[in-house]
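In: sequence first, predicted coordinates after that:
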Amino acid sequence: MEDGRTRRQEGGRLRTWLLGLLPLCIIAVAVAGLALLDGPGLTARNGPPAEELVVERTILGAGSIELVVRNQGPDPVALVQVAVNDAFVDFRTGEPEIGRLGSANVRITYPWVDGEAYEVTLLTSTGGVIAHEIPIAVTTPDPSGFIGLMTLLGTYVGVIPVAIGMLWLPWLRRVPPAWIRALMALTIGLLAWLAIDAALEGMEVADTGASGLGGAGLVAMGAVAAYLLLSGVHAWMAARPGRAGGHRLALLVSIGVGLHNLGEGLAIGSAYAVGALALGATLVVGFTIHNTTEGLAIVAPVSEERTSPPRLALLGLIAGGPAILGAWLGAATVQPAIAALLLGLGVGAIAQVMVQIAPSVRDHTGRLLHPVGIAGILAGMALMYATGLLT
């Protein structure tokens, strides 16, 4: 009796799996048939080939201009001529033909002049023209020589400002309890501005790369992935005994701020790699003031709880350290699609942290958008905007 019931159950499970696999088998047969027939009707093309090259990077050396190009169109592209300011010049490329989503380095021999503007025109074998403008020609620094400088710069704009901002903790512990709600609302405003800034920067970076790799969609994908992953981390931490709510929030804020600072470091390193970053005292001071407010956002959740100095140091390192990593990656020429994805991760992480902080802003009636909360959120955004003007 038991054997018969077991066999019926196994047979039922087998039929369930077969029914689930049936659509996949039909799709596989259809694709195989289309491949065997060489895609009748699909390979026929009307009109000229669709050639879409995008210049992802410009490297200027002594007597040479090197372009890193990527084919974001459906058809392969072959370069036959290159012109600089309407004059044909000698060039070399390692790839005679660039396939879909493939990249190639185009090295142009040309005695460019420092500070001048140039227009580089790439001509394809089918007569297509791709124009690229160099607004101001300057020698591209060698990234292998300034890892130490990027470490120092990342420390200045990431680690040190966050550490300074965390020195507000003793003051926070002495203010009336009613102020904490306002400060948490201020924290949401600070984070909201960081999320907006990261999203806009991600869109801008995505536009400089090949749209075939995802473009702005990578920012959205990174945001969703970070939001879900951080939600999972929060659920895992909440399930562990002995983890206070304030410490969980502080850690989540540190992770969110750290991912934002990773994107900020990417921007700094990338700008320096192409010689477009002025490393003046004003810039360093501006970033320091701007990022100091992030330290306040980290310590606000633990203002009413006991926290050891090593834990505070770890939170500060999680928040500020990624700026150093971002500067390294940016100086080493991170691919625009990867940079857009990383910036999207920052957006999603910050959004999830804002959701976790929101309950601590509610008043005694349960309202989130009460006068004090609204004022705190707007004040946080205004503070980030004002300090951002210094960078």
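Out: In hand now; what should we look at?

In: all strands of the stretch 1-150 of the chain, in order?
Out: According to DSSP state E, counting those that start in this stretch, the stretch 1-150 of the chain carries its strands in the segments 53-61, 64-71, 79-84, 87-89, 91-93, 103-109, 118-124, 129-134.

In: contacts only, for residue 371.
Out: By CB atoms under 8 Å, 6 or more residues apart in numbering, residue 371 lies in contact with nothing. (C-beta placed from N, C-alpha, C; glycine too.)

In: can you list the strands of the stretch 1-150 of the chain in a markdown table and add mean pLDDT, distance to residue 164 and mean neighbour count?
Out: What follows is those, written out as a markdown table (pLDDT from 0 to 100; distance: least, CB to CB, whole Å; neighbours: other CB atoms under 10 Å):
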| stretch | mean pLDDT | distance to residue 164 | mean neighbour count |
| --- | --- | --- | --- |
| strand 53-61 | 86 | 35 | 18 |
| strand 64-71 | 90 | 39 | 21 |
| strand 79-84 | 92 | 48 | 18 |
| strand 87-89 | 90 | 51 | 11 |
| strand 91-93 | 90 | 49 | 17 |
| strand 103-109 | 91 | 42 | 18 |
| strand 118-124 | 92 | 43 | 18 |
| strand 129-134 | 90 | 39 | 14 |
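
In: who wins for proximity to residue 348 among those?
Out: strand 53-61 (24.7 Å; CB to CB).

In: so what strands line up beside the closest one?
Out: Pairing partners of strand 53-61, with direction, according to DSSP bridges: strand 64-71 (antiparallel).

In: shaky segments in the chain?
Out: Within the chain, the ranges that satisfy pLDDT under 70 run 1-12, 38-50, 143-145, 210-212, 240-245, 273-288, 290, 333-334, 390-391.

In: contacting residues for the spatially most central residue of it?
Out: By CA atoms, centre = their mean, the mean C-alpha position of the chain lies nearest to residue 343, the distance being 1.7 Å. Residue 343 is in contact with 198-199, 201-202, 205, 219, 222, 263, 266, counting by CB under 8 Å, 6+ apart.

In: residue 358 now?
Out: Residues near residue 358 by CB under 8 Å, 6+ apart: 188, 368.

In: repeat for residue 55
Out: Residues near residue 55 by CB under 8 Å, 6+ apart: 67-69, 130, 132.

In: that one pairs with what?
Out: Residue 55 has these beta-bridge partners by DSSP bridges: residue 69.

In: gap between it and residue 122?
Out: 8 Å (CB to CB, to the nearest Å).

In: chain center to stretch 64-75, what's the gap?
Out: 22 Å (CA atoms, centre = their mean, to the nearest Å).

In: end to end on stretch 149-159, go ahead and measure it.
Out: Its start and end residues considered, stretch 149-159 measures 15 Å (CA to CA, to the nearest Å).

In: now do it: everything it contacts.
Out: Surrounding stretch 149-159, the residues in contact under the criterion CB under 8 Å, 6+ apart are 261, 264-265, 268-269, 272, 279, 284, 287-288, 291, 316-317, 319-328, 330-331.

In: mind listing what's buried in that stretch?
Out: Within stretch 149-159, the residues that qualify as buried are 150, 153-159, counting by 16 or more other CB atoms under 10 Å.

In: identify the farthest-apart pair in the residues you listed.
Out: Top of the distance list for the buried residues of stretch 149-159 (CB to CB): 150 and 159, 13.0 Å.

In: only C-alpha atoms, please: export stretch 315-330 in CSV.
Out: Only the C-alpha atoms of stretch 315-330 are listed here, as CSV (Å, rounded to 0.1, in the frame of the first residue of the first chain):
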residue,chain,number,x,y,z
LEU,A,315,31.7,52.7,11.0
GLY,A,316,33.8,55.6,9.9
LEU,A,317,36.1,53.4,7.8
ILE,A,318,33.1,51.7,6.1
ALA,A,319,31.7,55.1,5.2
GLY,A,320,34.9,56.9,4.2
GLY,A,321,37.2,54.2,3.0
PRO,A,322,35.4,53.5,-0.3
ALA,A,323,36.4,56.9,-1.5
ILE,A,324,40.0,55.7,-1.7
LEU,A,325,39.0,52.5,-3.6
GLY,A,326,36.9,54.7,-6.0
ALA,A,327,39.8,57.0,-6.6
TRP,A,328,42.0,54.0,-7.5
LEU,A,329,39.5,52.6,-9.9
GLY,A,330,38.7,55.9,-11.5
